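Undergrad: the following comprises the amino acid sequence and a computationally predicted model.
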Amino acid sequence: MQEKITAASNPRLKRVAALQQRAKTRREERAFVIEGRRLFLDTPEEFLSEIYCTESFAGDLANREKLARTGYTLIGDEALLRVSDTQTPQGVLCVVRMPEHSLAGLLGADGEEPLLLVLEDVQDPGNLGTMFRTAEAAGATGILMSRGTADVTNPKAVRATMSSVFRMPFFYTGDLSAALSELHRQGIMTCAAQMSGAASYDVLSYRKGTAFLIGNEGSGLREETAAAARQRLRIPMQGKIESLNAAMAAGILLYEAARQRRGGERQC
């Protein structure tokens with residue numbers, strides 16, 4: 001008979017709740033939680049550690065094939081609601097292993113020109129998740145983040161990545177200055193996005209190795225970080241807008257690089 005958990009006080013579900021709520025627990029266990037059918041189906045099976053789903057989810061023909069390969073534990077609807085991070089659970093949540101990458105792993109395959117996002121103290125999990133999703137779509141090779149950047153395994157960030165967290169290499173560094181120096185040694189042009197940047201973003205060439213530096217939503221990049229970059233660029237704006245959303249700015253820059261690398265007309 002298939003095991004079924006009906007109480008949120010079950011020790012296994014208490015661990016799930018701890019992973020949902022505490023970044024420290026996620027770091028220590030090198031694991032986090034995903035929720036929802038889309039994330040379950042998109043997540044590579046090698047990352048799936050524990051799967052909890054309702055009887056109705058397990059009975060859905062569209063889910064059976066993957067569940068049969070991975071195995072699962074049934075969970076009562078009320079217990080799922082108690083440990084879920086969403087108001088309307090979709091019938092499944094999973095404990096997954098955290099992807100492991102190095103700084104060198106962000107540089108892409110041999111012969112590939114790296115295209116990186118470098119994030120300093122970005123705080124909003126939704127913004128961070130959107131950047132992961134956008135970076136994958138634009139063909140970025142990786143995302144480098146300061147320790148002060150939000151945790152990408154935060155439940156809100158994970159949902160916003162739309163599974164890109166498993167496909168986009170990322171690395172947190174405790175010494176961003178040293179990491180930037182390593183990028184320079186690798187021949188990568190670092191570009192700090194600032195409202196006061198000297199060059200408009202669309203007059204530079206990003207066909208060679210490039211890293212775009214994006215700062216905190218409220219205060220932007222620290223001056224010492226911006227000063228370490230090889231270029232300071234701006235995204236021209238009209239009207240009375242003072243700044244763009246950080247994820248939007250990242251998307252504009254990444255897609256300009258993608259346009260150039262597809263063979264679009266180079267501005268200089």
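TA: Perfect, thanks for sending it. Residues are numbered from 1 along each chain as shown.

Undergrad: roughly how far apart are the residue nearest in space to the middle of the chain and Ala140?
TA: Closest to where the C-alpha atoms of the chain average out (C-alpha atoms, centre = their mean) is Phe132, at 3.8 Å. Phe132 is 9 Å from Ala140, where distance means C-beta to C-beta, to the nearest Å. For the C-beta atoms, the positions are set from N, CA and C on the backbone; glycine is no exception.

Undergrad: got any residues that touch both of the two?
TA: With contacts defined as C-beta atoms under 8 Å, 6 or more residues apart in numbering, the residues adjacent to both Phe132 and Ala140 are Met168.

Undergrad: which residues touch the residue nearest to the centre of the chain?
TA: For Phe132, the contact set (C-beta under 8 Å, 6+ apart) comprises Ile143, Val152, Ala157, Ala160, Thr161, Ser164, Val165, Met168, Phe170.

Undergrad: where does it fall, secondary structure wise?
TA: Element membership of Phe132, judged by DSSP states H and E, is helix 125-138.

Undergrad: same check, this time on Val33
TA: Going by DSSP H and E, Val33 is part of strand 31-35.

Undergrad: so which elements touch that strand?
TA: Judged by 3 or more C-beta pairs under 8 Å, 6 or more residues apart in numbering; DSSP states H and E, the packing partners of strand 31-35 are helix 11-21, strand 92-97, helix 155-161.

Undergrad: and the ones you listed: which comes nearest Ala246?
TA: Proximity to Ala246 (C-beta to C-beta) singles out helix 155-161 among the helices and strands packed on strand 31-35, at 12.8 Å.

Undergrad: quick check, pLDDT for the nearest residue to Val96 once chain neighbours are set aside.
TA: Nearest non-adjacent residue to Val96, counting by C-beta to C-beta, 6 or more residues apart in numbering: Phe47, 4.6 Å away. If you check Phe47, the pLDDT there is 97.

Undergrad: wouldn't Phe47 be in contact with Arg97 here?
TA: Yes. Using C-beta atoms under 8 Å, Phe47 makes contact with Arg97 at a distance of 5.0 Å.

Undergrad: show me which of these two is the more surrounded one.
TA: Phe47 (17 against 14; other C-beta atoms under 10 Å).

Undergrad: about what we covered before: next SSE after the helix holding Phe132?
TA: Going down the chain from helix 125-138, the next helix or strand is strand 142-146, by DSSP H and E.

Undergrad: helices along the stretch 51-200 of the chain, start to end?
TA: Under the criterion DSSP state H, counting those that start in this stretch, the stretch 51-200 of the chain carries helices at the ranges 55-59, 61-70, 77-83, 125-138, 155-161, 176-185.

Undergrad: give me the mean pLDDT for the fourth one.
TA: Rounded to a whole number, the mean pLDDT of helix 125-138 is 97.

Undergrad: and stretch 50-59, C-alpha only, in PDB?
TA: Taking C-alpha atoms only, stretch 50-59 is exported to PDB below (Å, rounded to 0.1, in the frame of the first residue of the first chain):
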ATOM      1  CA  GLU A  50      11.900  13.600  -2.200                       C
ATOM      2  CA  ILE A  51       8.600  14.000  -3.900                       C
ATOM      3  CA  TYR A  52       5.300  14.500  -2.100                       C
ATOM      4  CA  CYS A  53       2.100  14.600  -4.100                       C
ATOM      5  CA  THR A  54      -1.700  14.300  -3.600                       C
ATOM      6  CA  GLU A  55      -3.600  11.300  -4.800                       C
ATOM      7  CA  SER A  56      -5.300  13.400  -7.500                       C
ATOM      8  CA  PHE A  57      -1.800  14.600  -8.800                       C
ATOM      9  CA  ALA A  58      -0.500  11.000  -8.800                       C
ATOM     10  CA  GLY A  59      -3.600   9.900 -10.600                       C
END
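
Undergrad: understood, closing this out.
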